[in-house]
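1. What follows is a protein structure lacking sequence information:
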C-alpha cells in the first residue's frame, strides 16, 4: 500500500497522499476522500488512475472484503472522469494492478499474452490492469474502450 506520495506538474498542478490518510488524495489542495485506501496510482497525460484496496490495521488483506470495480480515473483538477465498470462492465473480482502505457510499451508488455499490437493506436494511452481472478485488461484511455480481456495464469 502507498504510504505517501507527492507529484508536481507543469502549470503548478500537484497531487498528494499524506501519510496516515491513505484514503485521501489532494489535487491542488482539493480533497478527494475514498471509502477504501489508495493502493496504486498511474499518471497519464490527461488523467490520474486510482486503484483502491482495503487493508486491516495490521497491513494484512482479506480478499473477500475488497471493493469491486476499484479503479477510478480523475482529471488533474480532481474531477471524476469515470469508473472502470463504465468500460469493462461489472467485473466479479477486484483489480490488483494498474499501469499506464504508450502503444510501444503496451505492445512490449503484453507480447506473451496474445495481444495484437494492431489493436493499439499510435499516440493513444493504454491502461493495463489485472484482477485477482487472473483476467488481464487493456483499455484505450484516449477512446475510452476495452481492447483486450483475457485470463492467464503463469
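-> Nice, thanks for sending it over. A quick note: this is a predicted structure, and the numbers were derived from the prediction, not measured.
2. In a strand, residue 147, correct?
-> Yes: under DSSP: H, G, I helix; E, B strand; the rest coil, residue 147 sits within a strand.
3. neighbours around it, how many?
-> 17 (other C-beta atoms under 10 Å). For every residue, glycine as well, the C-beta is placed using N, CA and C.
4. Enumerate every residue touching the spatially closest residue to it that is not a sequence neighbour.
-> Leaving aside its chain neighbours, residue 147 sits nearest to residue 119 (4.7 Å; criterion: C-beta to C-beta, 6 or more residues apart in numbering). Residues counted as contacts of residue 119 (C-beta atoms under 8 Å, 6 or more residues apart in numbering) are 138, 147, 148.
5. Which of these lies at the shortest distance from residue 41?
-> Checking these against residue 41 by C-beta to C-beta gives residue 138 as the nearest, at 18.5 Å.
6. Just the element for that closest one, please.
-> strand 135-140 (DSSP states H and E).
7. Would you list the phi and psi of the residue nearest to residue 147?
-> With angles defined as degrees, to the nearest 10, residue 119 sits at phi -80, psi -20.
8. ok, the closest residue to residue 69 other than its chain neighbours to residue 144 distance?
-> Nearest residue to residue 69, sequence neighbours excluded (C-beta to C-beta, 6+ apart): residue 85, at 3.9 Å. With distances taken as C-beta to C-beta, to the nearest Å, residue 85 is found 12 Å from residue 144.
9. which residues touch the nearest residue to residue 120 once chain neighbours are set aside?
-> Of all residues not flanking residue 120 in the chain, residue 103 sits nearest, at 4.3 Å (C-beta to C-beta, 6+ apart). Taking C-beta under 8 Å, 6+ apart, we find residue 103 in contact with 117, 120, 121, 122, 123, 124, 126.
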